[in-house]
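Visitor: here is my input; please provide its structure:
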Amino acid sequence: MKLPGIGPKVARLIVLVAWGAADGIIVDTHVHRIARRLGWTTAEAKSPEDTRRELEEWIPRDKWGDISKLLIGFGQTHCPAVKPKCGTCPLRASCPSASL
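Guide: Below is the predicted model of the structure:
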């Protein structure tokens with residue numbers, strides 16, 4: 001993060017992709033939104049960094065890399081901010097926001 005323009009999210013992504021190590025869950029706007037929609041975070045999680053801390057409290061450390069990649073991709077392709085594809089979502093049955 002000492003490099004210009006590199007924040008926590010990108011730094012964690014670089015470490016995960018380049019070295020295969022997950023030193024934290026990568027939370028972008030997609031993961032932040034999905035975690036809130038699924039009820040995985042509290043109302044106090046106002047930012048992606050808040051969401052990261054809350055997710056890391058209950059998701060096992062050895063799953064951090066996998067969950068990061070899965071949720072980012074899922075948010076980009078299936079659960080976007082506008083017009084989420086709830087009708088075909090595999091998580092619909094367990095998602096409190098599925099009626100969006």
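Visitor: and the lengthiest helix in the chain, what does it pack against?
Guide: For the chain, the helix with the greatest residue count under DSSP state H is helix 64-77. Applying 3 or more C-beta pairs under 8 Å, 6 or more residues apart in numbering; DSSP states H and E, one finds that helix 64-77 contacts helix 8-19, helix 29-37. Yep, even glycine has a C-beta here, placed from its N, CA and C like the rest.
Visitor: just the buried residues of that helix, please?
Guide: Using 16 or more other C-beta atoms under 10 Å as the test for burial, helix 64-77 gives 64-65, 67-68, 71-72, 74-75.
Visitor: let me see the mean pLDDT of it.
Guide: The pLDDT scores in helix 64-77 average 91.
Visitor: and if you look at stretch 12-26?
Guide: Averaging pLDDT along stretch 12-26 gives 92.
Visitor: now do the buried residues in that stretch.
Guide: Within stretch 12-26, the residues scored as buried using 16+ other C-beta under 10 Å are 12-13, 15-16, 22, 24-26.
Visitor: ok, and what's touching stretch 20-33?
Guide: 8-9, 12-13, 15-16, 35, 45, 47-49, 51-52, 55-56, 59, 61, 64-65, 67-69, 71-72, 74-76, 79-81 (C-beta atoms under 8 Å, 6 or more residues apart in numbering).
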